[in-house]
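1. Only the shape, not the letters, is given here:
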């Protein structure tokens with residue numbers, strides 16, 4: 001899967017184990033699905049997953065990894081990916097914007113991306129098959145980019161991987177869950193909270209000023225294929241400025257979280273947060289008080305590579321120092337005692353904080 005700031009790759013086992021501990025849980029709502037790494041893992045564990053994200057690239061990822069089932073699409077996807085690999089390069093908007101005006105990819109790989117993406121658009125594919133093709137292309141491009149993992153800037157010197165040829169692979173499709181077909185939606189988070197229901201709701205919201213649309217604007221453009229006007233050295237889409245998320249706003253974040261927590265129809269809520277986020281542990285626990293008991297699980301990790309190398313200006317000169325190299329990832333699990341007791345027993349002896357709420 002693509003490199004992603006805030007990816008829960010190292011927490012997957014814990015998140016799945018929490019979901020498995022909920023008695024009779026069959027359906028999980030993933031409200032901010034992002035790369036769908038979590039949704040994919042939950043589907044693989046047998047859960048029916050309803051994945052939602054407002055970004056077009058995230059919706060494509062969820063359609064591929066949550067909605068598309070291997071038994072229906074793998075054979076056709078394998079044939080399609082083989083055909084797309086042999087599409088002739090054809091430099092266009094993508095090459096001009098991200099390889100010439102900027103330097104995220106070599107022009108050779110950019111021309112391949114242009115040619116393949118145009119071919120996908122021309123084929124009028126079914127939604128699931130188109131998403132599989134787009135994800136294959138996105139992941140292939142991610143393997144040959146020249147960034148630290150976010151698209152706020154490109155590296156001053158070419159990354160070694162950028163010289164490799166663009167190579168498509170069939171995404172890791174999973175069979176349909178025993179509990180039913182998964183589904184991907186592209187709704188505002190609050191609308192999704194009011195619309196979707198399940199036994200468990202998993203929330204991994206943006207929790208500070210860093211915009212996922214700004215950090216991954218190239219993937220948004222690749223999926224939308226709308227040739228937007230771009231600005232700045234990073235060549236971001238103009239709607240990075242006009243589509244802000246309330247979750248990236250300190251004044252609006254708390255009210256948005258309260259509204260979602262209040263609206264969700266689920267027996268258990270699992271919220272992934274971070275000690276660098278806008279909300280403190282105490283604030284989140286207070287918000288979850290209406291849902292029952294709360295278990296807080298702490299996990300200490302290295303910060304992402306971009307944060308480790310320090311702050312640089314547009315000329316690549318270091319202009320700031322690293323404040324800290326590690327942070328704490330927090331999982332808040334809220335629900336009634338009956339739903340949480342099996343989890344509490346399974347965590348016996350492990351580091352955690354349990355808060356009993358009236």
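-> Received it, and whenever you're ready, just let me know what you need. Everything numeric in this text was worked out from a predicted model, so none of it was measured.
2. make it CA atoms for all contacts and neighbour counts henceforth
-> Fine.
3. quick one: the helices in the stretch 51-200 of the chain?
-> Under the criterion DSSP state H, counting those that start in this stretch, the stretch 51-200 of the chain contains helices at 56-62, 70-85, 93-95, 107-122, 127-142, 189-195.
4. Could you look over those and pick the most buried one?
-> Highest mean neighbour count of the helices of the stretch 51-200 of the chain: helix 56-62, a mean of 27 (counted as mean count of other C-alpha atoms under 10 Å).
5. Contacts for that helix, please.
-> Defining contact as C-alpha atoms under 8 Å, 6 or more residues apart in numbering, one finds that helix 56-62 is touched by 33-36, 39, 51-53, 131-132, 134-135, 183-186, 219-220, 222-224.
6. how does it look with 7 Å?
-> Outside helix 56-62, the residues that touch it by C-alpha atoms under 7 Å, 6 or more residues apart in numbering are 33-36, 51-53, 131, 135, 184-186, 219-220, 223-224.
7. Now, of these, which are buried?
-> Those of the contacts of helix 56-62 that meet the buried threshold are 33-36, 51-53, 131, 135, 184-186, 219-220, 223, by 16 or more other C-alpha atoms under 10 Å.
8. To residue 341, which of the helices of the stretch 51-200 of the chain lies closest?
-> Minimum separation from residue 341 across the helices of the stretch 51-200 of the chain (C-alpha to C-alpha) falls at helix 189-195, 25.3 Å.
9. after the closest one, next one along is what?
-> Downstream of helix 189-195, the next assigned helix or strand under DSSP states H and E is strand 200-203.
10. So for that next one, mean pLDDT?
-> Across strand 200-203, pLDDT averages out at 98.
11. Could you take the helices of the stretch 51-200 of the chain and lay them out as a markdown table, with extra columns for mean pLDDT and distance to residue 168?
-> Listed next are the helices of the stretch 51-200 of the chain as a markdown table, based on pLDDT from 0 to 100; distance: least, C-alpha to C-alpha, whole Å:
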| stretch | mean pLDDT | distance to residue 168 |
| --- | --- | --- |
| helix 56-62 | 98 | 15 |
| helix 70-85 | 98 | 6 |
| helix 93-95 | 98 | 17 |
| helix 107-122 | 98 | 10 |
| helix 127-142 | 98 | 5 |
| helix 189-195 | 97 | 32 |
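12. so which of those helices gets nearest residue 237?
-> In terms of C-alpha to C-alpha, the element of these nearest to residue 237 is helix 93-95, at 12.2 Å.
13. Please compute how far the closest one lies from its chain's middle.
-> 24 Å (C-alpha atoms, centre = their mean, to the nearest Å).
14. Ok, stretch 248-264 next?
-> Distance, centroid of stretch 248-264 to centroid of chain: 19 Å (C-alpha atoms, centre = their mean).
15. now stretch 53-60
-> Taking C-alpha atoms, centre = their mean, one finds stretch 53-60 lying 9 Å from the centre of the chain it belongs to.
16. what comes up buried for stretch 94-107?
-> By neighbour count on 16+ other C-alpha under 10 Å, the buried set for stretch 94-107 is 94, 95, 96, 97, 98, 99, 102, 103, 104, 105, 106, 107.
17. Output those in CSV; the columns should cover distance to residue 1.
-> Putting the buried residues of stretch 94-107 into CSV (distance: C-alpha to C-alpha, whole Å) gives the following:
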residue, distance to residue 1
94, 21
95, 23
96, 26
97, 24
98, 21
99, 22
102, 24
103, 22
104, 18
105, 18
106, 21
107, 23
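18. which stretches of the stretch 151-300 of the chain form strands?
-> 183-185, 200-203, 230-231, 236-237, 268-274, 293-302 (DSSP state E, counting those that start in this stretch).
19. What are the contacting residues of the first one?
-> With C-alpha under 7 Å, 6+ apart as the test, strand 183-185 has contacts from 49, 50, 51, 52, 53, 59, 62, 63, 66, 67.
20. of all those residues, which comes closest to residue 255?
-> Among the contacts of strand 183-185, and counting by C-alpha to C-alpha, the member closest to residue 255 is residue 53, at 19.1 Å.
21. Report pLDDT for that closest one.
-> Note for residue 53: predicted pLDDT of 97.
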